[in-house]
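In: generate a structure from the sequence data that follows.
(2 chains)
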Amino acid sequence: GQQLNQSPQSMFIQEGEDVSMNCTSSSIFNTWLWYKQDPGEGPVLLIALYKAGELTSNGRLTAQFGTTRKDSFLNISASIPSDVGIYFCAGDSGNTGKLIFGQGTTLQVKP
Amino acid sequence: GAVVSQHPSWVICKSGTSVKIECRSLDFQATTMFWYRQFPKQSLMLMATSNEGSKATYEQGVEKDKFLINHASLTLSTLTVTSAHPEDSSFYICSARGGYGAEKLFFGSGTQLSVL
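Out: Predicted coordinates for the structure are as follows:
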């Protein structure tokens, strides 16, 4: 079945630093999504990407939909302690709402 | 914003018993809901797609007789874990689709199931 490879698995950074994480897939997705999950909670949508090559920002977050439609990256600039959490990429091949998730990137920010 | 309520938020049960988890869309109608399972430090794995008024569609490897899904109304889907065993202990999360696009897809807050 479809799989998403997300890296890095974890990051430990200093407050104020920029962060980058990415996802790759063996197959094409029509929609790429980035979520943040706090412990014991459901994921919350950060950014949605619908077009190949699209670059979208949400505050300090920027994400891009790869031109091949098989990859995406998420950047977080000037990290702050509340950025701590697990970040997941997700793909939707047919805009059905049926999502395939990456393995997650655990982010820790040192004040 | 739209809210999806999941209940209970956590449950502990004895091995062999059944547990029902509810997923409700509070301020929108959802013809389609999804159920995911997440083991500690792992990703969300799609278990099944729940369609209002019809049978659920299960992903490969998910036992439909063990994980019973009922989507009896446009605002409620239930997942029943039958004859639960310790290996069923996991975090179960639902999502509900209120329209087209990712911005119309909302996740519940999850249910932590622990089977003793």
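In: where in the chain is pLDDT low?
Out: Since you didn't name a chain, this refers to chain A. A:1-2 (pLDDT under 70).
In: oops, wrong one, chain B.
Out: B:1-2.
In: who in it is up against chain A?
Out: Proximity of chain B to chain A, by CB under 8 Å from any CB of the partner chain, involves residues B:4, B:6, B:9, B:32, B:34, B:41-46, B:49, B:60, B:91, B:93, B:95, B:97, B:100-103, B:105, B:107-110, B:112. (Each C-beta comes from the backbone N, C-alpha and C, glycine too.)
In: please, which helix or strand holds the closest residue to residue B:38 other than its chain neighbours?
Out: For residue B:38, ignoring the flanking residues on the chain, the nearest one in space by CB to CB, 6 or more residues apart in numbering or on different chains is residue B:91 at 4.4 Å. For residue B:91, the host element (DSSP states H and E) is strand B:90-97.
In: can you pull the phi/psi pair for residue A:83?
Out: Torsion angles at residue A:83 (phi, psi; degrees, to the nearest 10) stand at phi -80, psi -10.
In: which of the three states applies to the spatially closest residue to it that is not a sequence neighbour?
Out: Nearest residue to residue A:83, sequence neighbours excluded (CB to CB, 6+ apart): residue A:109, at 5.5 Å. With DSSP: H, G, I helix; E, B strand; the rest coil as the basis, the three-state label of residue A:109 is strand.
In: show me which residues of chain A sit near chain B.
Out: With CB under 8 Å from any CB as the criterion, chain A meets chain B at residues A:1, A:31, A:33, A:40-45, A:48, A:50, A:88, A:92, A:95-104, A:106.
In: ok, residue B:58 - contacts?
Out: B:47-48, B:64, B:67 (CB atoms under 8 Å, 6 or more residues apart in numbering or on different chains).
In: swap the cut-off to 10 Å and go again
Out: B:35, B:46-49, B:64-65, B:67, B:69 (CB atoms under 10 Å, 6 or more residues apart in numbering or on different chains).
In: output these in TSV; the columns should cover neighbour count and secondary structure.
Out: Formatted as TSV, those follow (neighbours: other CB atoms under 10 Å in any protein chain shown; DSSP: H, G, I helix; E, B strand; the rest coil):
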residue	neighbour count	secondary structure
B:35	26	strand
B:46	18	strand
B:47	24	strand
B:48	23	strand
B:49	20	strand
B:64	13	coil
B:65	8	coil
B:67	20	strand
B:69	24	strand
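In: now, which of the residues you listed sits nearest residue B:14?
Out: residue B:67 (18.2 Å; CB to CB).
In: ok, now how distant is that closest one from chain A?
Out: Distance of residue B:67 to chain A, computed by CB to the nearest CB, to the nearest Å: 16 Å.
In: my guess is that residue meets residue B:82, correct?
Out: Yes: contact criterion CB atoms under 10 Å: residue B:67 and residue B:82 qualify, at 7.6 Å.
In: ok so, going back, in PyMOL, how would I select just the buried ones from the residues of chain A next to chain B?
Out: In PyMOL, this line selects whichever of these come out buried by 16 or more other CB atoms under 10 Å in any protein chain shown:
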select buried, chain A and resi 31+33+41+42+43+45+48+88+92+97+98+99+100+101+102+103+104
